[in-house]
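[1] sharing a model that was predicted from the sequence below.
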There are 2 protein chains.
Amino acid sequence: MARAALSADAVVGIALQLLDEKGPDALTLSAVAGRAGVATPSLYKHVRNLAELRDLMSARIMNDIADQVGQAVLGHSADEAIRALMTAWRHYARHHPHRYAALLHRPEPRTAQAGQRLLDILFATLRAYGMTDSAAIHAVRCLRAVLHGFAALEAQGAFQLPEELDESYELLTHMVITGLHTPTGSPPPPA
Amino acid sequence: MARAALSADAVVGIALQLLDEKGPDALTLSAVAGRAGVATPSLYKHVRNLAELRDLMSARIMNDIADQVGQAVLGHSADEAIRALMTAWRHYARHHPHRYAALLHRPEPRTAQAGQRLLDILFATLRAYGMTDSAAIHAVRCLRAVLHGFAALEAQGAFQLPEELDESYELLTHMVITGLHTPTGSPPPPA
DNA sequence: CGCATCAAGCTAATGGCATTAGCTTCATGG
DNA sequence: CCATGAAGCTAATGCCATTAGCTTGATGCG
């Protein structure tokens, strides 16, 4: 080995810091190199190119979310687990809006692998509702849609009237939990 | 006036066509100019810069969605309107994935104005459920989260097993409709 | 102890892109 | 018939990502 200096992980860390502080438009290799105290081309010793750096960032973000969500559901089950999970997910997106927006959802291997950790958590949580294979898949997709939709919109500042957002999320949580208790084929109750 | 040639609207149209065909990375001013049969700097006579072009594209996309969703709910009410609305929304995202991903949700005036049209449709649809001010705001936010979450994930190819996606969306629709019928404070039913 | 190796850094160069400056042209209104 | 101004052009600038090829210094082996 040569000098133990920069590493791919360190470059990703610096890039994430830059993303947090200055937003996605400021994420350039020059800026990352500047913070790393290195000339721009030196970054190519650790990362194939900007696209790969973005992939690595996305994977790290997905892993962080999996860590936090996984931590949050520990010791909870069923409705309580859903609440904990939804709270933790939103919490991440609120506190790291640029990171959340930088998530890549297309089937890129690195992020997909981290995403699988998250899926495992969702499936495990739904087990408390007695959902089997196919039903669980559909339920997990609905859960993902709800989680991602609210988080993405809030992270991008798409909601106005911020003082009532907690209430809205409470309603959404309620809707999800109710949905998980309602059999698939049941008709809607009368007004 | 001078020669009636290009216009801002035409530039936006060409840009959207390019986005559809070659994806977001291919959207450059050079490429747009090439299709327009014009030198790159000439575009600046119609559009302030690339950022504004993106804003205009986003506004047009939002208006198109509002048109299609608005058309879809015509003549329907309550549950049927929700179904029509959700179907139309997903339909747009499926058929124009790059456009859907290019939507800007931050409060940019042009897109926001188009978004207001869409919000009006959602509020009008919820009126059938007897929702008043605050309740309607929270319900619309939940609806937006559900719609956008599923559409964004599907448009980005985040779901596997494409053959069952219709079923998943059916479940999501069912969950939303059930949620709209369930009073806010009601406890979840027992298993 | 000395040397070959090679990872990690560097400078220089290339090409694409967005953007600006300033010139040209031509349809139109008076 | 001419002045105007919108819409086009070429030329130039500067930033960025990326590649090529050189330099250096720590390390492992003889």
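    Structure's in. What do you need?
[2] what's the domain layout of chain A?
    A:1-48, A:55-181 (the TED database).
[3] who touches stretch A:30-44?
    A:6, A:10-11, A:14-15, A:17-18, A:22, A:29, A:53 (Cβ atoms under 8 Å, 6 or more residues apart in numbering or on different chains). All C-beta atoms are positioned from the backbone trio N, CA, C, and that covers glycine.
[4] before we move on, back to that, which of the domains of chain A sits most buried?
    Across the domains of chain A, the average number of neighbours (mean count of other Cβ atoms under 10 Å in any protein chain shown) peaks for domain A:55-181, which reaches a mean of 18.
[5] which residues touch the residue in chain A positioned nearest to chain B?
    Residue nearest to chain B within chain A (Cβ to the nearest Cβ): residue A:149, separated by 2.5 Å. Residue A:149 sits next to B:144-150, B:152 when contact means Cβ under 8 Å, 6+ apart.
[6] how about residue A:126?
    A:136, A:139-140, A:143, A:180.
[7] show me which of those neighbour chain B.
    Among the contacts of residue A:126, proximity to chain B is found for residue A:139 (Cβ under 8 Å from any Cβ of the partner chain).
[8] in helices, which of the contacts of residue A:149 appear?
    Members of those lying in helices (criterion: DSSP state H): B:144-150, B:152.
[9] before we move on, back to that, the contacts of stretch A:30-44: which ones sit near DNA strand C?
    Restricting those to those touching DNA strand C (Cβ under 7 Å from any atom of the strand) yields residue A:6.
[10] as TSV, the contacts of stretch A:30-44 with distance to DNA strand D, secondary structure and pLDDT would be great.
    Shown next, in TSV, are the contacts of stretch A:30-44 (distance: Cβ to the nearest atom of the strand, whole Å; DSSP: H, G, I helix; E, B strand; the rest coil; pLDDT from 0 to 100):
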residue	distance to DNA strand D	secondary structure	pLDDT
A:6	14	coil	92
A:10	17	helix	97
A:11	12	helix	98
A:14	13	helix	98
A:15	10	helix	98
A:17	16	helix	98
A:18	11	helix	98
A:22	11	helix	97
A:29	3	helix	98
A:53	8	helix	98
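[11] can you redo the contacts of stretch A:30-44 as CSV with distance to residue A:114?
    Shown next, in CSV, are the contacts of stretch A:30-44 (distance: Cβ to Cβ, whole Å):
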residue, distance to residue A:114
A:6, 23
A:10, 19
A:11, 18
A:14, 20
A:15, 16
A:17, 19
A:18, 21
A:22, 24
A:29, 23
A:53, 16
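[12] farthest-apart pair in the contacts of stretch A:30-44, please.
    A:6 and A:22 (20.4 Å; Cβ to Cβ).
[13] out of the contacts of residue A:149, who's nearest residue B:72?
    residue B:147 (12.4 Å).
[14] isn't the closest one right next to residue B:89, touching?
    Yes: in this structure, residue B:147 is within contact of residue B:89 by Cβ atoms under 8 Å, at 4.9 Å.
[15] adding distance to residue A:96 and pLDDT, write the ones in helices among the contacts of residue A:149 out as JSON lines.
    Formatted as JSON lines, the ones in helices among the contacts of residue A:149 follow (distance: Cβ to Cβ, whole Å; pLDDT from 0 to 100):
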{"residue": "B:144", "distance to residue A:96": "21", "pLDDT": "98"}
{"residue": "B:145", "distance to residue A:96": "18", "pLDDT": "98"}
{"residue": "B:146", "distance to residue A:96": "23", "pLDDT": "98"}
{"residue": "B:147", "distance to residue A:96": "24", "pLDDT": "98"}
{"residue": "B:148", "distance to residue A:96": "19", "pLDDT": "98"}
{"residue": "B:149", "distance to residue A:96": "18", "pLDDT": "98"}
{"residue": "B:150", "distance to residue A:96": "23", "pLDDT": "98"}
{"residue": "B:152", "distance to residue A:96": "18", "pLDDT": "98"}
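[16] restrict those to contacts with DNA strand C.
    Applying Cβ under 7 Å from any atom of the strand to those, none is adjacent to DNA strand C.
[17] closest to DNA strand C out of those residues?
    Distance to DNA strand C across those (Cβ to the nearest atom of the strand) is lowest for residue B:152, with 24.3 Å.
[18] show me what contacts the closest one?
    Counting by Cβ under 8 Å, 6+ apart, residue B:152 touches A:105, A:148-149, A:152, B:93, B:100-101.
[19] the same query, at a cut-off of 10 Å, please.
    A:105, A:145, A:148-149, A:152-153, B:93, B:97, B:100-101, B:103, B:105, B:158 (Cβ atoms under 10 Å, 6 or more residues apart in numbering or on different chains).
[20] any weak-confidence spans in chain A?
    A:1-4, A:185-191 (pLDDT under 70).
[21] ok, 90 please
    Flagging of chain A using pLDDT under 90 yields the residue ranges A:1-5, A:106-107, A:132-133, A:160-163, A:182-191.
[22] which residues in it form helices?
    So, for chain A - with DSSP H - the helices run A:8-22, A:29-36, A:50-73, A:78-95, A:97-101, A:109-126, A:133-155, A:165-181.
[23] residue A:68 contacts residue A:88, correct?
    Yes: using Cβ atoms under 10 Å, residue A:68 is in contact with residue A:88, at 5.2 Å.
[24] from memory residue A:22 sits against residue A:16, does it?
    No: Residue A:22 is not in contact with residue A:16 according to Cβ under 10 Å; the separation is 11.5 Å.
[25] overlap of the contact sets of the two?
    Joint contacts of residue A:22 and residue A:16 (Cβ under 10 Å, 6+ apart) are residue A:98.
[26] sorry, back to before: make CSV out of the helices of chain A and add distance to residue B:37.
    Compiled in CSV, the helices of chain A are given as follows (distance: least, Cβ to Cβ, whole Å):
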stretch, distance to residue B:37
helix A:8-22, 38
helix A:29-36, 34
helix A:50-73, 31
helix A:78-95, 44
helix A:97-101, 36
helix A:109-126, 40
helix A:133-155, 38
helix A:165-181, 48
